[in-house]
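Participant: coordinates for the following, if possible.
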Amino acid sequence: MPGASHQAGTLGTTRHHPGALPGETAARALRSLGLAAVVALLWLGIPWRAATAQPTPCVPEHGRVQAGSVCLVVKVFASPEQPGRALALIAHGDGGAFLSAGYLANLDRLAQRIARTRPGDGVVFVQRPGYRSPLGHSEGRAKTIDDDYTPENVGHMAAAARALRAHWSAARVVWVGHSGGAALGALALGREPGVAEAAVLVACPCGSIEQWRAHRNASRGRPGDSLWPNSLSPLDHVDGLQAGMRVVLLTGDRDENTLPRFNEPWVAKARDRGVDAQLIILPGLDHGQVAGSAEVVSHTARLMADAP
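Facilitator: Numbering: from 1, shown residues only. Reported below is the predicted structural model:
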């Protein structure tokens, strides 16, 4: 700069101090470079501690699980007390890549009730790929317009279920999904054999995704909207279900979103495959209310116990 005094030495050169030994000169150079790095980080707005902190381990004890190539957020409500116990995996519905604190609180209450009903067994909430919430950010892809029932996301959720089973050596996994989480559960059961022994699918769009989206668009006065070209239909993957599997579908009779008729073809086709599938209509409950019903807790507990 004009008027500035000339500074001896530039980046990459070291000014020799009379009487300094070669080792002392090198140490001064390293300290100078270290200070310059800290100044640069602070100038960029990056805290030094954050820049040097180690990433959070992707393990359930730190609220994460490795699900294939991505790390998903989890919340452990109860861990199995010993190998061979059952594990309930709770998967949330669609939310445009974000889950509100209110919706999470409702699922928290559900998980806590299941845990109290099944002492000694495990209950874990899994946040779907690409979603953000007060719990953190799950890696992967999710869209603000949803349409997320992709082969990639089904694979990640199935990998999470397998990783959690292996982590605690659980003998039995029960998938508990609400809405989109139920659809992903139905898809995982059909595409990923052995991912779970049973499922409680709540307010599930388990039939044709095209028919369901057409209904949703029409009910909102937008019949020309996209029919979700990226999402898989659970009805197309029933042939992969394992005979003997037990699945309960719960739908409220006031649910104007995932109507019972979207589940009936899936149940009929699953029964043809030898699956113990039943559709139960709960009176007086809408799409959101059914997720917190006592029936979700009782059916989940029964399937965790493998009781008739």
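Participant: for this structure, which strand is longest?
Facilitator: The single longest strand within the chain, with elements called by DSSP state E, is strand 70-78.
Participant: specify the local secondary structure of residue 278.
Facilitator: Assigned by DSSP: H, G, I helix; E, B strand; the rest coil, the conformation of residue 278 is strand.
Participant: that one against residue 250, yeah?
Facilitator: No: between residue 278 and residue 250 there is no contact under Cβ atoms under 8 Å: 9.5 Å. Any C-beta I mention is one placed from the backbone N, CA and C, and that applies to glycine too.
Participant: the more surrounded of those two?
Facilitator: residue 250 (25 against 14; other Cβ atoms under 10 Å).
Participant: is it true that the more buried one lies in a strand?
Facilitator: Yes: checked against three-state DSSP, residue 250 lies within a strand.
Participant: what comes up buried for stretch 291-305?
Facilitator: Residues 291-293, 296-297, 299-304 are the ones in stretch 291-305 that count as buried (16 or more other Cβ atoms under 10 Å).
Participant: helices of the stretch 1-150 of the chain, start to end?
Facilitator: Ranges of helices within the stretch 1-150 of the chain are 22-43, 48-52, 101-117, based on DSSP state H, counting those that start in this stretch.
Participant: based on its surroundings, how many neighbours for residue 276?
Facilitator: Residue 276, neighbours per other Cβ under 10 Å, totals 14.
Participant: list the contacts of it.
Facilitator: Contact analysis of residue 276 by Cβ atoms under 8 Å, 6 or more residues apart in numbering lists 244-247.
Participant: comparing the helices of the stretch 1-150 of the chain by mean pLDDT, which bottoms out?
Facilitator: With a mean of 48, helix 22-43 has the lowest mean pLDDT of those.
Participant: sorry, back to before: among the contacts of residue 276, who's most crowded?
Facilitator: residue 247 (27 neighbours).
Participant: let me know the helix or strand that that one is in.
Facilitator: Assessed by DSSP states H and E, residue 247 sits inside strand 246-252.
Participant: and the closest residue to residue 144 other than its chain neighbours, what is it in contact with?
Facilitator: Once flanking residues are discounted, residue 144 sits nearest to residue 96: 4.6 Å by Cβ to Cβ, 6 or more residues apart in numbering. Residues counted as contacts of residue 96 (Cβ under 8 Å, 6+ apart) are 142-146.
Participant: just to revisit the earlier point, next, the angle from the longest strand of the chain to helix 101-117.
Facilitator: 50 degrees (axes from the mean of the first three to the mean of the last three Cα atoms, to 10 degrees).
Participant: neighbouring strands of strand 70-78 in the sheet, and parallel or not?
Facilitator: Sheet pairing of strand 70-78 (DSSP bridges) gives strand 64-67 (antiparallel), strand 122-126 (antiparallel).
Participant: show the average pLDDT along the first one.
Facilitator: Spelled out, it's strand 64-67. 98.
Participant: check stretch 157-177 too.
Facilitator: pLDDT averaged over stretch 157-177 gives 98.
Participant: over to stretch 293-308?
Facilitator: On average, stretch 293-308 scores 96.
Participant: before we move on, what about stretch 194-212?
Facilitator: 96.
Participant: may I see the buried residues of it?
Facilitator: Buried, per 16+ other Cβ under 10 Å, within stretch 194-212: 195-209, 211-212.
Participant: follow-up on the earlier one: which of the buried residues of stretch 291-305 fall within helices?
Facilitator: Using DSSP state H, the members of these that fall within helices are 296-297, 299-304.
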